[in-house]
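# no letters, just coordinates:
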């Protein structure tokens, strides 16, 4: 269940979130968005919104992480996107009467700022610079979706999974130490979760991951995936060298 209203994150005074999708906003405009946002706390597994809820808000992630997914027949689920601190996400509605077609759920204890679309609309009408940056954010969301569709549709399940590993590293990667430069995905992601992200089965993901391990392309360490040969993964998914801001889940 949702927690009581949480205090605003200390990150409020820490400037921009370089890894989040809100990087397109200038510091004053990002501060304005966060000032409008009403913070709520979520425990791991809590639902932020469900299918058919009114889509009249945007959401800013202060801490934690969330996933947006679609429930399918037979109890299956397809994950459309993951969101980390600094991300602004939602389903903007130009008609004012849309509902959500997906659900958003906390993957860990999180804090999210809820931004009413009506408040954003007021700022867009009177602040041209803010409107331009808002358009940039919407363009970023579109390009990110297009790049994911490309990898899912054009290069088979192996290409989709290789692309996913690179995207997860861009979101959760750790650079290691001076003695260890390996690319490590810092967040534990299960094979089932990865299968839901590429529209496949856990068995198929198991098989492809084992093939990559046999080739030495990846390995695991304490439940985390290590990318020993990112160049091999880029070759399999025909990487087009998209910026990290776009190459993400």
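Perfect, I can see it now. Everything numeric in this text was worked out from a predicted model, so none of it was measured.

# so what strands line up beside the helix or strand of the chain with the lowest mean pLDDT?
Within the chain, no helix or strand scores below strand 173-174, which has a mean of 78 by mean pLDDT, DSSP states H and E. Looking at strand 173-174 with DSSP bridges, its partner strands are strand 183-185 (antiparallel).

# now do the least confident helix or strand of the chain: everything it contacts.
183, 184, 185, 186 (C-beta atoms under 8 Å, 6 or more residues apart in numbering). To be clear about C-beta, it is placed using only N, CA and C from the backbone, and glycine gets the same treatment.

# from the middle of its chain, how far away would that strand be?
15 Å (C-alpha atoms, centre = their mean, to the nearest Å).

# related to what we said a few turns ago, and the contacts of strand 173-174, which are buried?
183, 184, 185 (16 or more other C-beta atoms under 10 Å).

# how about low-confidence regions in this protein?
1-19, 93-96, 175-182 (pLDDT under 70).

# helices or strands up against the longest helix along the chain?
Looking across the chain with DSSP state H, the single longest helix is helix 128-154. The helices and strands touching helix 128-154, judged by 3 or more C-beta pairs under 8 Å, 6 or more residues apart in numbering; DSSP states H and E, are helix 27-36, helix 117-126, helix 156-172.

# so for residue 192, which of those helices sits nearest?
Closest to residue 192 of the helices and strands packed on helix 128-154 is helix 156-172 (C-beta to C-beta; 13.1 Å).

# hmm, who's touching that closest one?
Applying C-beta under 8 Å, 6+ apart, the external contacts of helix 156-172 come out as 19, 82, 84, 148, 151-152, 155, 183-187, 189, 194, 197-200, 204-205, 208-209, 212, 218, 225, 227, 230, 232-234, 236-239, 244, 247-249.
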